[in-house]
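Asker: predicted structure and sequence below. I'll ask about it afterward.
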Number of protein chains: 4
Amino acid sequence: MKYAHSLEFSVRDYECDMQGVVNNGVYQNYLEHARHEFLQSRGINFAEMTVKRINLVVVRAELDYRDSLRSNDRFIVRSNIQRISKLRFEFSQDIFRTPDQKLVLQARIIGTSLNHRGRPFELHELSKLFDD
Amino acid sequence: MKYAHSLEFSVRDYECDMQGVVNNGVYQNYLEHARHEFLQSRGINFAEMTVKRINLVVVRAELDYRDSLRSNDRFIVRSNIQRISKLRFEFSQDIFRTPDQKLVLQARIIGTSLNHRGRPFELHELSKLFDD
Amino acid sequence: MKYAHSLEFSVRDYECDMQGVVNNGVYQNYLEHARHEFLQSRGINFAEMTVKRINLVVVRAELDYRDSLRSNDRFIVRSNIQRISKLRFEFSQDIFRTPDQKLVLQARIIGTSLNHRGRPFELHELSKLFDD
Amino acid sequence: MKYAHSLEFSVRDYECDMQGVVNNGVYQNYLEHARHEFLQSRGINFAEMTVKRINLVVVRAELDYRDSLRSNDRFIVRSNIQRISKLRFEFSQDIFRTPDQKLVLQARIIGTSLNHRGRPFELHELSKLFDD
């Protein structure tokens, strides 16, 4: 599979819980950070959008946990994006441990853009993200 | 809808991000805490399980974000559980803001129990959770 | 010792790290939440201040870790505040496990108010906090 | 000033709070991660210690917040360590924003090692950390 964006991380020990593995909620942090770096690489800055009162938000997240990450693990978040309707876009994000490329998590994150009144609208800057 | 367990929370300001709303990853923390309290109320202690090297883990999470929580909001996490196979169980968890009962998030969390070798097994204590 | 404000909490399992105790960074979250509730109880709303571009910020934190909190522990954060200069105020915050009242952490948190240009200034609303 | 260890980070947007800056509690996460990488670079693995039921713990933290980090900032945590008694060691940790080298935070973190009964003891592996 080809991905439009990849970002490497290391597990930080404070992210591990009493089971000795990365807590299941932390993966959403990893995925969010990878998405924002992806957007940034295409010229869309999340913080600047926020200051302009344009909020990019998640409307649905699906996460399949295939394996666990542990202390000292390194991993890569690989991401693709596609438009799924006029107002919604979908990120496919997979996490692979390195160097063995073990698949750890698969996610589908659906988002939209909200204007300053909290209403979904078509953000034209996002067209930079779509290859079509 | 009837729920088997309810737990009330308040938003804490450190949970809010630069958009001024609870960050989307934080909801998994709320849901996890509610599940562990639910298990505890039925006599299953998550930390004791962990010490015995029985790990209750999430294998899939689906989250539908319906609205945002903000500073000073109070909310209730309401949960149900059902067995979906010999080895898997599913929590349905809904978050409602109080006092207006606005639906904020709907989640379906599928879990299993892993033994000390990381293999799924049927944890008999869990039968306390199922009404059948 | 007399405290001006007290707030009860429960440890949440996602706050515990691989040592099975609350991670040392999490205590600052507890302390912040207790401070904001303290301010709120005196009519000062942190989020409203932020919207007005008045930022209450921590300039120094001293934390003495006396004991650990664990899964299922309950605890109380007790707080006092005093003015230490025209521009600075100091919270004394102690955390006690309940019900045995074991002292877990002692903290001294020094803060100031910044105006919209990031400059310290004397926020008159804070006088509600000081008994003198 | 000379430092024994340096580690570069980027701010992640989920670490920023409603003020648009890194939340004050998050700095302890950065400092912990830098300390664990420092230990690792000297052959001391925090997770392996934990499995052996040797707990390296913080007994006191002093943090001076000099400036704020924001979305998109990069920064370096620079660390030194010295023994301050038979049982206690002290990390000096400074955070500098890059590339302008603005000092953001100065910290002094005092730690000790606890054996499996929770008693402080002299961990001989730590001698690898001290230059004397």
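Answerer: Here it is on my side, so go on.
Asker: so where's chain A shaky on pLDDT?
Answerer: Along chain A, the parts satisfying pLDDT under 70 run over A:131-132.
Asker: what angle separates the lengthiest helix in chain A from helix B:26-41?
Answerer: In chain A, assigned by DSSP state H, the helix with the most residues is helix A:26-41. Between helix A:26-41 and helix B:26-41, the angle comes out at 170 degrees (axes from the mean of the first three to the mean of the last three Cα atoms, to 10 degrees).
Asker: and helix A:26-41, what's buried?
Answerer: A:26-40 (16 or more other Cβ atoms under 10 Å in any protein chain shown). The way it works is simple: take the backbone N, C-alpha and C, and place the C-beta from them, glycine included.
Asker: so which of the residues you listed would count as near chain D as well?
Answerer: For chain D, the contacts drawn from these by Cβ under 8 Å from any Cβ of the partner chain are A:N29, A:E32, A:H33, A:H36, A:Q40.
Asker: any chance of those in TSV, plus distance to D:V58?
Answerer: Shown next, in TSV, are these (distance: Cβ to Cβ, whole Å):
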residue	distance to D:V58
A:N29	23
A:E32	28
A:H33	26
A:H36	30
A:Q40	34
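Asker: quick check: phi and psi at the most far-flung residue of chain A relative to its centre.
Answerer: Most distant residue from the mean C-alpha position of chain A: A:M18, 25.3 Å away (Cα atoms, centre = their mean). For A:M18, the backbone dihedrals (degrees, to the nearest 10) come out as phi -60, psi -20.
Asker: what segments of chain A are strands?
Answerer: Along chain A, the stretches classed as strands by DSSP state E are A:5-10, A:55-65, A:74-83, A:88-98, A:103-114.
Asker: in TSV: these, plus mean neighbour count and distance to chain C.
Answerer: Formatted as TSV, these follow (neighbours: other Cβ atoms under 10 Å in any protein chain shown; distance: least, Cβ to the nearest Cβ, whole Å):
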stretch	mean neighbour count	distance to chain C
strand A:5-10	16	15
strand A:55-65	19	15
strand A:74-83	18	17
strand A:88-98	19	18
strand A:103-114	19	17
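Asker: if we can go back for a sec, surely the residue farthest from the centre of chain A touches B:T50?
Answerer: Yes - A:M18 is in contact with B:T50 according to Cβ atoms under 8 Å; the separation is 5.2 Å.
Asker: give the residues shared as contacts by those two.
Answerer: C:G20 (Cβ atoms under 8 Å, 6 or more residues apart in numbering or on different chains).
Asker: out of the strands of chain A, which is closest to D:R88?
Answerer: strand A:5-10 (28.2 Å; Cβ to Cβ).
Asker: mind checking how far A:V22 is from A:S71?
Answerer: For A:V22, the distance to A:S71 equals 9 Å [Cβ to Cβ, to the nearest Å].
Asker: any common contacting residues for those two?
Answerer: Common contact partners of A:V22 and A:S71 (Cβ under 8 Å, 6+ apart): A:V11, A:C16.
Asker: more neighbours: which of the two?
Answerer: Just comparing A:V22 and A:S71: by other Cβ atoms under 10 Å in any protein chain shown the higher neighbour count belongs to A:V22, 25 against 22.
Asker: tell me the contacts of the residue lying closest to the more buried one once chain neighbours are set aside?
Answerer: By the measure of Cβ to Cβ, 6 or more residues apart in numbering or on different chains, the closest residue to A:V22 outside its immediate chain neighbours is A:L69, 4.3 Å from it. A:L69 makes contact with A:V11, A:V21, A:V22, A:F75, A:I95, A:R97, A:V104 under the criterion Cβ under 8 Å, 6+ apart.
Asker: show me what from chain A comes close to chain D.
Answerer: Neighbours of chain D within chain A, by Cβ under 8 Å from any Cβ: A:12-14, A:16, A:20, A:29, A:32-33, A:36, A:40, A:45-47, A:50-51, A:70-72.
Asker: what about chain B: which of the residues you listed touch it?
Answerer: The residues of the residues of chain A next to chain D that also fall near chain B, by Cβ under 8 Å from any Cβ, are A:N29, A:E32, A:A47, A:T50.
Asker: who's in contact with the third one?
Answerer: Neighbouring residues of A:A47 by Cβ under 8 Å, 6+ apart: B:M18, D:D13, D:C16, D:G20, D:R70, D:S71, D:N72.
Asker: buried among those residues? Make that a PyMOL selection.
Answerer: Those of the contacts of A:A47 that count as buried under 16+ other Cβ under 10 Å are selected in PyMOL with:
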select buried, (chain B and resi 18) or (chain D and resi 13+16+20+70+71)
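Asker: and of the contacts of A:A47, the nearest to chain C?
Answerer: D:G20 (8.8 Å; Cβ to the nearest Cβ).
Asker: now that closest one: closest residue in space that isn't a chain neighbour?
Answerer: Nearest residue to D:G20 in three dimensions, chain neighbours excluded: B:M18, at 4.8 Å (Cβ to Cβ, 6+ apart).
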